[in-house]
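Trainee: no sequence on this one, just coordinates:
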C-alpha cells in the first residue's frame, strides 16, 4: 500500500534530509521509496516542504504529495501561519515538533502526535550553525506514531548518513523522540 508523507519546515531545518532519511529507512525494510523537495524562491528560514512516498510495490507516481497520509512539522510555529493539514487524508496523522500536548494545538479534527524535538536537540547539544537539529529527532517520533518504519531502520539510516559521534548523537535524538512521543488518540 502506498503511503505519502509531507514534511513542513523552514529553510535550513533539514526537511529535505528528513525525507531522504525516512525513505532510506523504509528502503532498508525492503520498501519502494521516493523522497524529494519542493523548492520555489525559498531562502533560509522561509517555509519549505519535502515529500516522501513508501510502498510495497513500485511507485509510478511522480507529482507532489497533495493528499498525504502523514504530515510532519519541524517548526512549531508553522501550523499557525499555513494549513499544514491541508489535504490530509481522513485518519491521517500529524507529527509535530512542539513542547505542547496534542490537545493544546487546536487540531482536534486530526490525529496529532507531539514531541519536543527542539528540547531534545538542546539537551544533546545537537546544533548546526547554532540552531537545534530537529529533523533526526522527528523521525524517531514518526516511527512510533505511524508504525510505517521501525526505529532500528531509522537509526541505521542516520548512522549511515553520519559516521562517528555525529551519527550517534543524531541516533540518540531519534531514540529519545521515540520514547517521549505524546499521542493524542
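Mentor: Right, received. Where do you want to start? Keep in mind the model is a prediction, meaning the values are calculated, not measured.

Trainee: and the lengthiest helix in the chain, what does it pack onto?
Mentor: Using DSSP state H to define each element, the chain has its longest helix at helix 164-180. If you count contacts as 3 or more CB pairs under 8 Å, 6 or more residues apart in numbering; DSSP states H and E, helix 164-180 packs onto helix 117-123, helix 135-146, helix 151-161. Heads up, the C-betas are built off the backbone N, CA and C, glycines and all.

Trainee: Identify all contacting residues around it.
Mentor: When contacts are defined by CB atoms under 8 Å, 6 or more residues apart in numbering, helix 164-180 is touched by residues 115-117, 120-121, 123-124, 126, 133, 136-141, 143-144, 151, 154-155, 158-162.

Trainee: which of those residues count as buried?
Mentor: Neighbour counting over the contacts of helix 164-180 (16 or more other CB atoms under 10 Å) leaves 115-117, 120-121, 124, 126, 133, 136-141, 143-144, 151, 154-155, 158, 161 as the buried ones.

Trainee: Which of the residues in stretch 72-81 are classified as buried?
Mentor: For stretch 72-81, using 16+ other CB under 10 Å, the buried residues are 72, 73, 74, 75, 76, 78, 79.

Trainee: Quickly note the distance from residue 120 to residue 182.
Mentor: 13 Å (CB to CB, to the nearest Å).

Trainee: rewinding a little: so can I have JSON lines of the helices and strands packed on helix 164-180 showing distance to residue 44 and mean pLDDT?
Mentor: Shown next, in JSON lines, are the helices and strands packed on helix 164-180 (distance: least, CB to CB, whole Å; pLDDT from 0 to 100):
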{"stretch": "helix 117-123", "distance to residue 44": "17", "mean pLDDT": "98"}
{"stretch": "helix 135-146", "distance to residue 44": "15", "mean pLDDT": "98"}
{"stretch": "helix 151-161", "distance to residue 44": "21", "mean pLDDT": "98"}
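
Trainee: Specify the stretch among those helices that is closest to residue 5.
Mentor: helix 135-146 (7.9 Å; CB to CB).

Trainee: got the contact list for that closest one?
Mentor: 5, 9, 13-15, 17-18, 21-22, 25, 70, 72, 74, 93, 95, 97, 113, 115, 117, 120-121, 126, 148-151, 153-154, 158, 170-171, 173-178, 180-181, 183.

Trainee: contacting residues for the residue lying closest to residue 33 once chain neighbours are set aside?
Mentor: Spatial nearest neighbour of residue 33, chain neighbours left out: residue 23 (3.9 Å); criterion: CB to CB, 6 or more residues apart in numbering. Residues counted as contacts of residue 23 (CB under 8 Å, 6+ apart) are 33, 34, 35, 52, 53, 54.

Trainee: Spatially, which residue comes closest to residue 18, not counting chain neighbours?
Mentor: residue 135 (4.0 Å).
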